[in-house]
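>>> Provide a 3D model corresponding to the input given below.
(2 chains)
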Amino acid sequence: MRKEVPLLITLIVSIIVMLSRITTGPVPLIGISMPELFEEYISPWMTVVSAFALCLASVNLIMVHSGNISRKRQEWVYSLILLVTLIIYGAFCTYVELNPDNETAAANYSLIYNYILSPLMTGQWACLAFYVASASYRAFRARNLEATVLLVSAILVMLGAAPVGSLIWSKFPTIQQWLLDVPNMAGQRALLIGAAIGSFVASLRTMLGIERSHLGIGGSS
Amino acid sequence: MNLIDKLQNVDTRIIYIVLLITLSIPLLHPIGIPMQINPMTRAVYDIVEGLDPEKDIVLLSMDYMPGAGLDAEVCPIAVVEHLMERGIKWVAISFGTTDGPMMTNRIITDLERRGYKYGEDFANLGYMAGGENAIRLFALDCLSVPTDVRGNRTSDLPVMQGIRTIKDFAFVMQFSASTPEAWIRQVVDPMGIAFATGTVTVCVPSLVPYYNSGQLKGVMGGVSSAAQYEILCNKPGRGASMMDAQSMGHLIIIFFIVLGNIGYFLSKRTKENLAAK
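Residues are numbered from 1 along each chain as shown, chains lettered A, B, ... in the order given. This next block holds a predicted model:
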């Protein structure tokens, strides 16, 4: 039963979702159509489950990091910082939500986000420019035909994307657009079609109970 | 280490310092290099220009976080500025990240300082959990979000009057640091809405098939698109101010790539000459 019930639910729900896109009339005995069944019941349930999963993630985070602290595992200090931040931020947010008239509290709450979290995250992103510069210098070598094509395309796209490119030669943006519209699009479409087929196969395996890892009861049967 | 080896193995610290200096100078003293407008960016501008301020309302899906940097943030700022200038009302919601409402608040705070009214000119409906499914749910019933981030009932907000499904919005635009396949699958194709996207520069190549197929009516990609949009609006802002730095950054990267390749070919030739002897 531990395996069969979740697999049955998966099969029934997936059939409803699939049929909701291709049928319109009412289902005998139920009296409502598949699209209605999906939109009125399954769709809201999925949203509730997702919201619940967010809560569960917080609980899981607390449990994992509390364990790190109590057992004094390596780098437990970071777990402590995470938990303290989580508690302070959570308490602050709750206070702001419960006291919507206290504008000062709301402004201070935004300050934490705008002047601590946001600059840290933006700074991390900005560092990518330096890594990209260094990695491009080391990786882009015209060792063979494929590498040369990649190298030349990269330079043309860079020159086409930056305003200085059109200042050097007005055709660089046109070449860049052609590279995006023709060779890039052909490759992207091939990838999309491949991914769609893969996704269909994976869905079918899940529907038929061949793939079971999402139920936490082992991998493929 | 001889010169050829040095050309191939420039110290990372040197690359970092050169790049830092090259990026800093144009940021402090912009040069004002003229820009060409990308057709995908112009398409977004044309859609907003074609909206009717009397009746049209726009939905913005704010699905980016500070981690995506200014590359993600400048596009929504440019579009919102254009919407406000034209007097077009908009509503924001987030599906992709819980940071979305905070990012929207940053834009709203500035607008309120300038006298625009929350609830009348714009609203922030907050984060809706459920990802792709939530997008579909909201599209079918826009009042499925009972309250906005300030605790107001969504149905009572003046800006939401007359809005029941996503088809009641004249234009929908998503801002994220990824690609909008979920929107295309769940809303654009089944419901046939006018939809465009603003994302980070690296995602643009993967969006070209959707733009060329007409599923995306316009695409904005990072700082360069935002700068172009600001130029189209005759309001150069943060995007435009960063474009000179981007140009210089690209030139420096190309310079180092060329340098590395010169070293590589010289070393290859030396090895071939030695082998021939």
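>>> OK, contacts around residue 140?
You didn't pick a chain, so chain A it is. Shown in contact with A:Phe140 (Cβ atoms under 8 Å, 6 or more residues apart in numbering or on different chains): A:Ala147, A:Leu150, A:Leu151, A:Ala154, B:Ile257, B:Gly260, B:Asn261. (Each C-beta comes from the backbone N, C-alpha and C, glycine too.)
>>> actually it's chain B I care about, not the one you picked
Residues near B:Leu140 by Cβ under 8 Å, 6+ apart: A:Glu39, A:Ser43, B:Thr165, B:Ile166.
>>> That one and A:Tyr113, how far apart?
The gap separating B:Leu140 from A:Tyr113 is 32 Å, by Cβ to Cβ, to the nearest Å.
>>> wait, does the longest helix seen in chain A make contact with chain B?
Assignment by DSSP state H gives helix A:43-70 as the longest helix of chain A. Yes - using Cβ under 8 Å from any Cβ of the partner chain, we find that helix A:43-70 touches chain B at A:Ser43, A:Pro44, A:Met46, A:Thr47, A:Val49, A:Ser50, A:Ala51, A:Ala53, A:Leu54.
>>> The first one - how many residues pack around it?
Close neighbours of A:Ser43, defined as other Cβ atoms under 10 Å in any protein chain shown, add up to 20.
>>> Nearest spatial neighbour of it, chain-adjacent residues omitted?
Here the nearest residue to A:Ser43 in space, its sequence neighbours aside, is B:Leu137; by Cβ to Cβ, 6 or more residues apart in numbering or on different chains that works out to 4.8 Å.
>>> The helix or strand where the one you found lies: what's the following helix or strand?
Using DSSP states H and E, B:Leu137 maps to helix B:131-140. Tracing the chain C-terminally past helix B:131-140 and defining elements by DSSP H and E, one meets strand B:171-176 next.
>>> That next one - contacts with which helices or strands?
Where contact means 3 or more Cβ pairs under 8 Å, 6 or more residues apart in numbering or on different chains; DSSP states H and E, strand B:171-176 is packed against helix B:39-49, strand B:57-63, helix B:69-86, strand B:195-199.
>>> so which of the ones you listed comes closest to B:Gln246?
Counting by Cβ to Cβ, B:Gln246 lies closest to helix B:69-86 out of those; the figure is 9.9 Å.
>>> mind checking how far the closest one is from the chain centre?
8 Å (Cα atoms, centre = their mean, to the nearest Å).
>>> sorry, back to before: name only those of the contacts of A:Phe140 that count as buried.
For the contacts of A:Phe140, a burial check counting by 16 or more other Cβ atoms under 10 Å in any protein chain shown picks out A:Leu151, A:Ala154, B:Ile257, B:Gly260, B:Asn261.
>>> Keep only those of the residues you listed that are in helices.
Judged by DSSP H, the buried ones among the contacts of A:Phe140 include A:Leu151, A:Ala154, B:Ile257, B:Gly260, B:Asn261 as members of helices.
>>> Turn those into JSON lines, including pLDDT.
Putting those into JSON lines (pLDDT from 0 to 100) gives the following:
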{"residue": "A:Leu151", "pLDDT": "93"}
{"residue": "A:Ala154", "pLDDT": "92"}
{"residue": "B:Ile257", "pLDDT": "94"}
{"residue": "B:Gly260", "pLDDT": "93"}
{"residue": "B:Asn261", "pLDDT": "93"}
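>>> Of those, just say which sits nearest to A:Val96.
Minimum distance to A:Val96 across those is 46.8 Å, recorded for A:Ala154 (Cβ to Cβ).
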